[in-house]
Each structure stands twice: as C-alpha cells, then as structure tokens.
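Undergrad: Show me the folded form of this:
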Amino acid sequence: MIFPCEKAVWYYLPQIRADLAIELVKTGMTQSQAAKKLGVTPAAVSQYIHKKRGIQTPKSRIYRQEIKTAVKKICDDASNADLSLIVCSCCHMLQKDDEKKQDKH
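TA: Model (predicted):
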C-alpha cells in the first residue's frame, strides 16, 4: 500500500519543484538563485528545466496559477509558512487530477 504522503514525495513534490524552478528562471532568476530559493542544487534545477526530473504532464489552469502565486511569493521573499500552504495546495490539486485520471480508466 502506498500512502498519500509517500506518493506526494515521489511524484508530486518533484513536479511542483520542476514547475517552480521553470517559472523562477522565467522571471530572470539564474538557475543557481532558483536552486538556493528551492533548497536544491543547481544541477537539479537544470534537470527540472530540461525535463529530466519531475514528471511533465498537462496541468489545470488553477494549478498553474498557484505556481505563479508561489513564484511571486518566493521572489518577494515570503515566509516559509505561506509557501508551505501553497505547496500543499498544489500537491492536493495534483492528487485530485491523478484520481480523476484513474477514475476514467
């Protein structure tokens, strides 16, 4: 049995990090700066950007908006508590999308 948080760590968090890394770099931030903000290595950010890490699947408009909100807060140096709530929200969105896909099959 795979617990929801286990699935989150293996699948959803890498996806969220990839989406955040891509958006941070789009704002003009360097890969090293984005890595520092996300608490990962610059190599990890490079892998996210080049789609070698983090599953790249189509995402809902609401999810993409949450990622943009998170990036804005990261750029504004928001508190970790704010970002934790956004990441949890994104994780729940990905989980619901995953459940919808499974229901269709």
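Undergrad: now the longest helix along the chain: mean pLDDT?
TA: Across the chain, the longest stretch assigned as helix under DSSP state H is helix 80-104. The predicted model assigns helix 80-104 a mean pLDDT of 81.
Undergrad: Run through who's touching that helix.
TA: With contact meaning C-beta atoms under 8 Å, 6 or more residues apart in numbering, helix 80-104 is reached by 4, 7-8, 11-13, 15-16, 19, 59-60, 62-63, 66-67, 69-70, 73-74. No exception for glycine: its C-beta is placed from N, CA and C like everyone else's.
Undergrad: Distance from the chain centre to that helix, please.
TA: Distance of helix 80-104 from its chain centroid, counting by C-alpha atoms, centre = their mean, to the nearest Å, is 10 Å.
Undergrad: lowest confidence element among the helices and strands of this protein?
TA: When the helices and strands of the chain are scored by mean pLDDT, DSSP states H and E, helix 4-7 comes last with a mean of 78.
Undergrad: List the buried residues in the helix or strand following that one.
TA: Along the chain past helix 4-7, the next helix or strand (assigned with DSSP states H and E) turns out to be helix 13-26. When burial is assessed from 16 or more other C-beta atoms under 10 Å, helix 13-26 yields the following buried residues: 13-25.
Undergrad: tally of neighbours for Leu38?
TA: In terms of burial, Leu38 registers 19 neighbours under the definition other C-beta atoms under 10 Å.
Undergrad: swap in the one 5 residues further on?
TA: Counted with other C-beta under 10 Å, the burial measure for Ala43 works out to 11 neighbours.
Undergrad: Repeat that for the one 3 residues further on.
TA: When neighbours are defined as other C-beta under 10 Å, Ser46 has 17 of them.
Undergrad: Spatially nearest residue to it (excluding sequence neighbours)?
TA: Taking C-beta to C-beta, 6 or more residues apart in numbering, and ignoring the residues beside it in sequence, Ser46 has Gln31 as its nearest neighbour in space, at 5.8 Å.
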